[in-house]
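Visitor: sequence plus predicted model, see below.
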Amino acid sequence: MEILTDIPTPEKCVSQILEYSGRKVEPQGAQDMWHKILQHKWVLSEKLGRDVGTNVSCLDFIENIELKDHASQDLEKIQFLKKLGAVRVDQDIWKTISETQPPKKIVNKRIILPFTEAKLAQKHGVMPPRALIFFGPPGTGKTHFVRAIAGVLQWWYVEVSPSDLMADGQDRIGTNLKKVMEKVGEMDNVILFIDEFEEIAGSRDDASRIDKSITNEFLKQVPLLKKQNKRNLLVCATNYIEQLDAALLRPGRFDCIIPVGGLDAQGRKTIFEHYLSNTNKGEVDVDKIVSMISLFTPADVEYLFQKVRQVTFEREFERKGNCLVTTETFIEMIPQISPTLTPELVAEFEMDCERYTRY
Ligand SMILES: Nc1ncnc2c1ncn2[C@@H]1O[C@H](COP(=O)(O)OP(=O)(O)OP(=O)(O)O)[C@@H](O)[C@H]1O
Ligand SMILES: [Mg+2]
């Protein structure tokens, strides 16, 4: 404590550390580091039985202690992330999403650019978001978008589902959630993705909820995570935005609530062409097929390709001649798939968009 009262201003600490060790440190952490240097001076002096100068202690601290400290902290963080199943994602996923596919433009402007163009964002007082929700019908690409963001930013991607959090018992969800959020909150360059968010953060009025205290834990943890000045993101996804606890949806908790809905013709075409490129194809009238699948989600398009590929595979096996996927194969298979989206679901989603969207 006595030592702390002698700590100079952050600017003075920066210049002293620079003068003694040649290392330029950020003003935010400079006082804390100066405090550690003074402690190190005391330890060194005790060890050597003489008063070691502050300049020598500073140099020794920077060269020997701080570097090791960083290295072991980094190792510990990486081990923790790996235990959670953290992965690196290919940067190219982002490019495979059509520019017109909502919410690509929003995600780019509101989430990616404030991190990649940090100086410009700061100049304009734009704060990068730290906590967001994606909502929308099943198979529309919520997970795909989160992975794409991790890829484009080249951050760790950590996905946690309610079942992971309750792996060692339902009564541990709150504790596990706290631990994960606290740890990840201290790290840079990580996306923490919590899928099926309504399972753990549903309305506290709903009697069937697993544990109401978990929503309370979220209400505590989200502001704590945001308070830390780190480059990380919490993303939660749900198919049922209306089931989330109203307190979580209020401004101040999540920075953005972004809908991920159906595809326009260009969006469907891009995904269609992506899958077509890996298919044993003949003549395919892409525009014609794309116009026939207006209520298909990306997951439905993927399933359509699974079907057409399987059928040509089987036909070639039976007939032995080269069997190609053509316009006719799609026309034959489309009626066998009921699209996830229905006019009713689309109308409901549009109402949710009006009610909840915020970015
Ligand atoms: N451009 C694209 N946009 C979205 N999804 C795509 C795209 N291209 C391919 N897909 C694929 O569509 C499938 C469905 O996407 P995803 O799993 O992200 O949906 P989701 O909204 O998370 O679904 P759920 O609500 O069931 O979790 C995935 O296999 C994904 O890889
Ligand atoms: Mg998903």
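Guide: That came through fine. Residues are numbered from 1 along each chain as shown. Ligands and ions are numbered 1, 2, ... in the order given.
Visitor: rest of the way, CA atoms for contacts and neighbours
Guide: OK.
Visitor: residue 358: what's it in contact with?
Guide: Shown here is residue 358, whose contacts under the criterion Cα atoms under 8 Å, 6 or more residues apart in numbering are 255-258.
Visitor: grab the nearest non-local neighbour of residue 226.
Guide: Sequence neighbours aside, residue 130 is the residue nearest to residue 226 in space, at 6.0 Å (criterion: Cα to Cα, 6 or more residues apart in numbering).
Visitor: that older thread, in strands only, show me the contacts of residue 358.
Guide: 256-258 (DSSP state E).
Visitor: what domains does the record give for the protein?
Guide: Under automatic domain parsing, the residue ranges defining each domain of the chain are 2-73, 87-261, 265-340.
Visitor: distance of residue 29 relative to residue 22?
Guide: Residue 29 sits 16 Å away from residue 22, going by Cα to Cα, to the nearest Å.
Visitor: helix or strand for the nearest residue to residue 276 once chain neighbours are set aside, which one?
Guide: Across the structure, with Cα to Cα, 6+ apart as the measure, the residue nearest residue 276 apart from its sequence neighbours is residue 305 (7.8 Å). With elements delineated by DSSP states H and E, residue 305 resides in helix 298-319, which encompasses its position.
Visitor: for that helix, buried residues please.
Guide: Of the residues in helix 298-319, those scored as buried under the neighbour-count criterion (16 or more other Cα atoms under 10 Å) are 298, 300-302, 304-305, 307-309, 311-313.
Visitor: show me the contact partners of whichever helix or strand comes after it.
Guide: Next helix or strand after helix 298-319 toward the C-terminus (DSSP H and E): helix 327-333. When contacts are taken as Cα under 8 Å, 6+ apart, the neighbours of helix 327-333 outside the stretch itself are 283-286, 289, 304, 307-308.
Visitor: hang on, the earlier thing: the domains of the chain: lowest mean pLDDT?
Guide: Across these, the stretch with the lowest average pLDDT is domain 2-73; it has a mean of 83.
Visitor: and it, how far from the chain's centre?
Guide: Once both centres are worked out by Cα atoms, centre = their mean, to the nearest Å, domain 2-73 turns out to sit 36 Å from its chain's centre.
Visitor: center of the protein, which residue is that?
Guide: residue 191 (3.3 Å; Cα atoms, centre = their mean).
Visitor: any idea what that one is bridged to?
Guide: residue 157, residue 233 (DSSP bridges).
Visitor: ok, now which ones touch it?
Guide: Counting by Cα under 8 Å, 6+ apart, the residues that residue 191 touches are 150, 155-158, 232-235.
Visitor: quick one: the strands in the protein?
Guide: For the chain, applying DSSP E gives strands covering 87-88, 131-135, 156-160, 190-194, 232-238, 256-259.
Visitor: residues of the protein that sit close to ligand 1?
Guide: With Cα under 6 Å from any ligand atom as the criterion, the chain comes near ligand 1 at residues 96-97, 137-144, 239, 271, 298-299.
Visitor: among those, which pair sits farthest apart?
Guide: Across those, the two members that end up farthest from each other (Cα to Cα) are 96 and 239, 23.3 Å apart.
Visitor: near the residue nearest to residue 226, how many other residues are there?
Guide: Number of residues near residue 130 (other Cα atoms under 10 Å) recorded here: 25.
Visitor: dihedrals phi and psi, it?
Guide: Backbone geometry at residue 130, expressed as degrees, to the nearest 10, gives phi -120, psi -20.
Visitor: quick one: it from residue 41, how far?
Guide: Distance from residue 130 to residue 41, counting by Cα to Cα: 39 Å.
Visitor: same question, residue 229
Guide: Following Cα to Cα, the distance that separates residue 229 from residue 41 is 29 Å.
Visitor: of these two, who's got more company?
Guide: A direct count of neighbours by other Cα under 10 Å for residue 229 and residue 41 places residue 41 higher, at 22 against 12.
Visitor: contacting residues for the closest residue to that one other than its chain neighbours?
Guide: Taking Cα to Cα, 6+ apart as the measure, residue 41 lies nearest to residue 57, with 5.0 Å between them; neighbours along the chain are not counted. Contact partners of residue 57, counting by Cα under 8 Å, 6+ apart, are 37-38, 40-41, 44.
Visitor: also residue 89?
Guide: If a contact means Cα under 8 Å, 6+ apart, then residue 89 has 147-148, 150-151, 154-157 as its contacts.
Visitor: farthest-separated two in those residues?
Guide: Farthest-apart pair in the contacts of residue 89 is 148 and 156; separation 11.5 Å (Cα to Cα).
Visitor: nearest residue to residue 62 in space, please, no chain neighbours.
Guide: The shortest distance from residue 62 to any residue that is not its chain neighbour, by Cα to Cα, 6+ apart, is 7.0 Å, and that residue is residue 21.
Visitor: I'd assumed residue 64 was in contact with that neighbour.
Guide: No. Residue 21 lies out of contact with residue 64 (Cα atoms under 8 Å); the separation is 11.6 Å.
Visitor: the two: which is more packed in?
Guide: residue 21 (18 against 11).
Visitor: need the contact list for the more buried one.
Guide: Counting by Cα under 8 Å, 6+ apart, residue 21 has contacts 55, 58-59, 62.
Visitor: thanks again, I'm all set now.
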